[in-house]
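> One predicted model, sequence on top.
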Amino acid sequence: MTKLLEVENLHARIAGGRDILKGISLSVGAGEVHAIMGPNGAGKSTLSAVLAAKPGYDVTAGSISYGGADIADMAADERARKGIFLAFQYPVEIPGVNNTYFLRASVNAIRRERGEPDLDASQFLKLVKKKMSLLDIKDDLLKRAVNVGFSGGEKKRNEIFQMAMLEPKLAILDETDSGLDIDALRAVSDGVNKLRDPNRAIVMITHYQRLLDYIEPDFVHVLANGRIVASGDKSFARELEKTGYAHLERAA
Amino acid sequence: MSAHLETIGEIASGSGDRYKYGFVTDIESDTAPPGLSEDTVRFISAKKQEPKWLLEWRLKAYRRWQNMKQPDWGKLNIAPIDYQGATYYSAPKTAEGPKSLDEVDPEILKVYEKLGIPLGERAALAGVAVDAVFDSVSVATTFRSTLAAQGIIFCSFGEAVREHPELVQKYLGTVVPRGDNFFSTLNSAVFSDGSFAYIPPGVRCPMELSTYFRINQAKSGQFERTLLIADEGAYVSYLEGCTAPRRDENQLHAAVVELVALAGAEIKYSTVQNWYPGDANGAGGIYNFVTKRGICRGDGSKISWTQVETGSAITWKYPSCILEGDNSVGEFYSVAVTANHQQADTGTKMIHLGRNSKSTIISKGISAGHGQNTYRGAVKIMPGADGARNYTQCDSLLIGKTCGAHAIPYIDTRSPSARVEHEATASTISDEQLFYCLQRGLTPEESVSIIVNGFCKEVLKELPMEFAVEAQKLLVVSLEGSVG
């Protein structure tokens, strides 16, 4: 059976630049949590951008298939509606746009794609309440403009809250742990753990080993110089903890 | 409420054809011969069976206008206007003015239906009394009797001249003098109709008063004149909407609006301007050269202008407040959109005369395509306006690389105790913002719409709710295709 996400020999670049991804292959099944680790400049953020079809990036070779279909030509918004979610490393501020309003527009866009009717205000509010209690989110966050004046921790929590609301099939967490103090990291990780689901795949991209102490991955990959240079299961993560990945990087 | 929502539905459903109001209606018109002379002025005045004083008033304006020059200080590129080639009076042909809705030409009613404007008693649901101006004359005024029960007068300008001459004579030209500026003076000479409202002392107008303007006739200018008076302690909220057919040549719209607020009175004046903006190459469209001014004549009075300007090839207007009364308040909330080749030079003047008078200016300019958007504002604190305060916030949003945004604030304070604040920002819709919205499943159009509406929020929230929804949709339609 094909996996939910199949990346094969993927080469990609920022439009006009040189290849940053130089042949990545990755296979992620539903219910699995994959950690992709690597140093700065390895291509981690490029990988998340390309998986989400961020404009300005070109795929120069290889393929990405999602749910058994090639999505090379699928635009960012369509991928999102089909269940690919990206938790941003730097969530973007949208002044004047109420966080709840934004989230409802998003939820309904995705529901429409699934052939489900829009949620009206009261149905939506019920869903919000449910997910808020799951993730321990304060409701003043929902009354403010999208990410405007949020602390670093609040922004990341808001991303995970959006993930909870949108119920993606594939969630890509781009350096979700960066810039968080230990309490915020614990809160965000708890949220992610609660969202682990047999029908959901999670790819978390991180620079730091410590995230794996909070979210235990099923598989770990080391990304260096645009390629995956080593992969393994849970035990590999523990091994990495001891040896670090600098030697793998050198080998690449 | 439902009636206004029909308008919204119509706008929302339009996709391919961007300007939804570009249709022309074939209606028999009673039209003055093209050209402008004293005879034209006499023709208009005679058509309207005006009293002699008003004819004289017009003629004085006309004579003054002849010695005036079209100003060129705006940051605008205006093709020469052939004042002799235009038609200054065009009225749908009926023997007499309509006495009730039943007498209005069904073709005209159909036009308003197409526009989604509730003329019939359906409007009851909307709580809106509508005066509709078609080319030059006022076609129908709904809800007159309901309003009359409270002593509120709401009728066409022409009717006010006939039935309430004392009020018209008392207030006409007291805020925008007959010879104020080139375009207002032209209006004073040839204005054809418009709306008139008077709210008696202490009365809170129970519904929004609303005027829809429509230019139908080719080569005709529209010169309407609106006069609103809120007597002591009265309150009124007034809405104004505009559309015009799609035509290749430019058409002139030179209106004058005068507002008078006596002690303790409040006037809220909201405009959603959607005149035909011209095509994508900048051909055609309305020249919207309008003089709007209000005076807070009494202590504690308040005038609030809110405008959403999405249409017109060129917009040149500065809804202003003269804050004469002590503790009077002037407000100006504006969103101006220029896409394609549209140009706007718009803003406000706040003239502080009264002690502790306060003014607030919130201006949001959005430029896309080759649009040029200028905020021009003057805050004047006169000697004696002790403790006067102004706060101005002027934000520009640029979409694309070929548009322009400009801000030209003038501040002149002559009272040492005055406090004036000015804040300005210029920003673009960033790729990061767009991608964030896309990644949450919104289409590119929805993404731009949500970002733009967020940018305009402080202004849109000042509009009555049905109007705000309509304005939001209009913003989206105006900017369609601006982000590639």
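Sure thing, it's come through.
> Chain A contacts on the stretch 351-484 of chain B?
Where proximity means Cβ under 8 Å from any Cβ of the partner chain, the interface of the stretch 351-484 of chain B facing chain A comprises B:430-444, B:446-447, B:450-451, B:453-458. The C-beta positions use only the backbone N, C-alpha and C, and glycine is treated the same way.
> likewise chain B?
With the criterion set to Cβ under 8 Å from any Cβ, chain B comes near chain A through B:430-444, B:446-447, B:450-451, B:453-458.
> Show me the shaky parts of chain A.
Where chain A drops to pLDDT under 70, the residues are A:1, A:249-252.
> let's see it at 80
Low-confidence segments of chain A, defined by pLDDT under 80: A:1-2, A:135-137, A:237-238, A:240-252.
> center of it - which residue?
Note on chain A: the residue nearest the mean C-alpha position is A:Ile172, at 1.7 Å, using Cα atoms, centre = their mean.
> can you pull the contacts of that one?
With Cβ atoms under 8 Å, 6 or more residues apart in numbering or on different chains as the criterion, the residues that contact A:Ile172 are A:Ser48, A:Leu51, A:Ala52, A:Ile84, A:Phe85, A:Leu86, A:Ala87, A:Ile202, A:Val203, A:Met204, A:Ile205.
> now, which of those residues lie within strands?
Counting by DSSP state E, the members of the contacts of A:Ile172 that fall within strands are A:Ile84, A:Phe85, A:Leu86, A:Ala87, A:Ile202, A:Val203, A:Met204, A:Ile205.
> Of those residues, which ones also sit close to chain B?
A:Phe85, A:Leu86.
> Are any of the ones in strands among the contacts of A:Ile172 buried, and if so which?
A:Ile84, A:Phe85, A:Leu86, A:Ala87, A:Ile202, A:Val203, A:Met204, A:Ile205 (16 or more other Cβ atoms under 10 Å in any protein chain shown).
> Now the stretch 351-484 of chain B against chain A: closest residue?
Nearest residue of the stretch 351-484 of chain B to chain A, counting by Cβ to the nearest Cβ: B:Gly454, 3.2 Å away.
> next one: the strand or helix carrying that residue to chain centre, how far?
Secondary structure from DSSP states H and E places B:Gly454 in helix B:444-455. For helix B:444-455, the separation from the chain centroid amounts to 25 Å (computed by Cα atoms, centre = their mean, to the nearest Å).
> go on, stretch B:448-457?
The offset between the C-alpha centroid of stretch B:448-457 and the centroid of the whole chain comes to 22 Å, using Cα atoms, centre = their mean.
> Now it: buried residues?
Going by neighbour count (16+ other Cβ under 10 Å), the buried part of stretch B:448-457 is B:Val448, B:Ser449, B:Ile450, B:Ile451, B:Val452, B:Asn453, B:Gly454, B:Phe455, B:Cys456, B:Lys457.
> what mean pLDDT does it have?
For stretch B:448-457, the per-residue pLDDT values average out at 90.
> And for stretch B:347-363?
The predicted model assigns stretch B:347-363 a mean pLDDT of 97.
> Repeat that for stretch B:76-96.
Across stretch B:76-96, pLDDT averages out at 75.
> Stretch B:460-475 too?
82.
> Measure how buried the residue lying closest to B:Ala388 once chain neighbours are set aside is and give me the count.
If you skip the residues right next to it in sequence, B:Ala388 has B:His352 as its closest partner in space, 4.1 Å away by Cβ to Cβ, 6 or more residues apart in numbering or on different chains. When neighbours are counted by other Cβ atoms under 10 Å in any protein chain shown, B:His352 registers 31.
> Confirm for me that B:His352 is in contact with B:Cys321.
No - counting by Cβ atoms under 8 Å, no contact exists between B:His352 and B:Cys321, whose distance comes to 9.0 Å.
> joint contacts of these two?
Common neighbours of B:His352 and B:Cys321, counting by Cβ under 8 Å, 6+ apart, are B:Ser359.
> Past the strand or helix carrying B:Asn187, which element shows up next along the chain?
Assigning secondary structure by DSSP H and E places B:Asn187 in helix B:182-190. Using DSSP H and E, the next helix or strand after helix B:182-190 towards the C-terminus is strand B:195-199.
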